[in-house]
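J.: Following is a predicted model, sequence given first.
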Amino acid sequence: MSEQPAIGGKSFTAVAINCAAKAGEWIKTKLGNYTSLSQKYSAQDLVTEVDKGSEKMIRNLIMTHFPDHSFLGEEGVEPGPEASAKALQGVRGAEYLWIVDPVDGTTNFVHGFPFFSVSIALAHKGEVMVGVVYDPMRDELFVAEKGKGAYVHGRRMSVSQEDTLRDSLIATGFPPDEAFARPMNLKGLQALVPQVRNIRSSGSAALHMAYVAAGRLSGFWEFGLNAWDLAAGALLVKESGGTVTDTLGNPYDLGIRNVVASNGRIHDQFLGELKKADAAG
Ligand code: 2AM
Ligand code: CA
């Protein structure tokens, strides 16, 4: 799909941008104003009617333009890693698959901490071709098309220039899975804090990835993420000249849950430190 067919006059990317902008604007109006908060997996895994409403809005808009396409959204999947893997397995062979996180950073949204995003990706036969991450609080729209670069505010993005971990600003997150993901991340944190300039943990994996793409972070790693947290961000990073692998160094694919994204220059060192600390999974 080098040239995007214009169905109903709209390209895939235009629809992705439209969805992210509309959903993001609506989410912003609901900040501090949601009415139903429930726990999914644990007290650390939250969902509100805003997550569900945003996903419905995005799904309806996509289905209006592309009724034959497949759709994978966080709120359509039961909580927990097994259900996520199964849901992805069911659709990953689809010709066109939209992968959507209607609110990435729900915990932030619930607390009024202004760092959350809408993440929308389109994969063609398992390969991400379009990735859009929208931060409604800053009105920042990050857009990538495979082979065509990545942009924010219409300006081409490139990853940062740091060559060493010592000069790097790195982000991570603390996944709720107590059995595997959290202990791994904590071990990695212990190893990396003394090695890097500093660490940030701001609560939206998709936005952390967009920040790596924009050169605002040198790198990001986290365990236990899902396809919808990563698909759009992975393309943003790659199209900005960065590198995305799993924590063992395998190239990004839709099934990756343990991610390392970086400016490329620090990637081997980053992976090496996680491995040395027995924090690569
Ligand atoms: P979310 O807000 O869409 O749930 C923060 O560490 C990152 O982890 C966020 O991107 C958050 O996405 C994600 N996250 C939160 N709960 C999760 C869970 N139970 N499983 C996997 N990822 C989760
Ligand atoms: Ca979400």
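T.: Sure, I can see it. Since we're looking at a predicted model, the values are computed, not measured. Ligands and ions are numbered 1, 2, ... in the order given.

J.: quick check: mean pLDDT across stretch 206-213?
T.: Across stretch 206-213, pLDDT averages out at 99.

J.: quick one: contacts of it?
T.: Contacts to stretch 206-213, defined as Cβ atoms under 8 Å, 6 or more residues apart in numbering, come from residues 101, 104-105, 115-117, 119, 133, 135, 140, 142, 144, 150, 152, 157, 159, 171, 173, 200, 202, 217-220, 222, 229-230, 232-234, 236-237, 239-240, 242, 244, 261-263. For glycine as for every other residue, the C-beta is placed from the backbone atoms N, C-alpha and C.

J.: State the helix or strand in which whatever residue of the stretch 151-281 of the chain ends up closest to ligand 2 lies.
T.: Of all residues in the stretch 151-281 of the chain, Trp228 sits closest to ligand 2, at 6.9 Å by Cβ to the ion. Element membership for Trp228, per DSSP states H and E: helix 227-239.

J.: Gly24 and ligand 2: what is the separation?
T.: Computed as Cβ to the ion, to the nearest Å, the Gly24 to ligand 2 distance reads 13 Å.

J.: check contacts around the residue lying closest to that residue once chain neighbours are set aside.
T.: Closest residue to Gly24 in three dimensions, ignoring its sequence neighbours and counting by Cβ to Cβ, 6 or more residues apart in numbering: Pro136, at 3.5 Å. Pro136 sits next to Gly24, Glu25, Ile27, Lys28, Ser117, Val118 when contact means Cβ under 8 Å, 6+ apart.

J.: for Asp167, phi and psi?
T.: phi -100, psi 10 (degrees, to the nearest 10).

J.: Just give me the neighbour total for it.
T.: Around Asp167 there are 14 other residues, counting by other Cβ atoms under 10 Å.

J.: residues contacting the closest residue to it other than its chain neighbours?
T.: Closest residue to Asp167 apart from its sequence neighbours, by Cβ to Cβ, 6+ apart: Arg197 at 6.0 Å. By Cβ under 8 Å, 6+ apart, the contact list for Arg197 reads Arg166, Asp167, Ser168, Leu169.

J.: swap in Gly241?
T.: By Cβ under 8 Å, 6+ apart, the residues touching Gly241 are Ser158, Val159, Asn263, Gly264.

J.: Widest-spaced pair of those?
T.: Within those, Ser158 and Gly264 form the most distant pair, 10.5 Å apart (Cβ to Cβ).

J.: Can you tell me the element Ile58 falls in?
T.: Per DSSP H and E, Ile58 falls inside helix 49-65.

J.: Downstream of that helix, the next helix or strand is which one?
T.: strand 70-73.

J.: what's that following strand packed up against?
T.: In terms of contacts (3 or more Cβ pairs under 8 Å, 6 or more residues apart in numbering; DSSP states H and E), strand 70-73 is packed against helix 49-65, helix 81-91, strand 96-104, helix 227-239.

J.: mind checking how far the residue of the stretch 151-281 of the chain closest to ligand 2 is from Leu248?
T.: Distance check for Trp228 against Leu248: by Cβ to Cβ, to the nearest Å, it reads 22 Å.

J.: cool, and Lys146?
T.: Separation of Lys146 from Leu248 (Cβ to Cβ): 24 Å.

J.: swap in Gly188?
T.: Distance from Gly188 to Leu248, by Cβ to Cβ: 13 Å.

J.: One more: Ser54?
T.: Noted for Ser54: a distance of 33 Å to Leu248, by Cβ to Cβ.

J.: for Val91, same thing?
T.: According to Cβ to Cβ, Val91 and Leu248 sit 25 Å apart.

J.: do Val15 as well
T.: Distance from Val15 to Leu248, by Cβ to Cβ: 35 Å.

J.: Compare the two and say which is more crowded by neighbours.
T.: It is Val15, of Val15 and Leu248, that has more neighbours when counted by other Cβ under 10 Å, with 25 against 13.

J.: For the residue nearest to Asp167, what are phi and psi?
T.: The phi/psi pair for Arg197 (degrees, to the nearest 10) is phi -70, psi -50.
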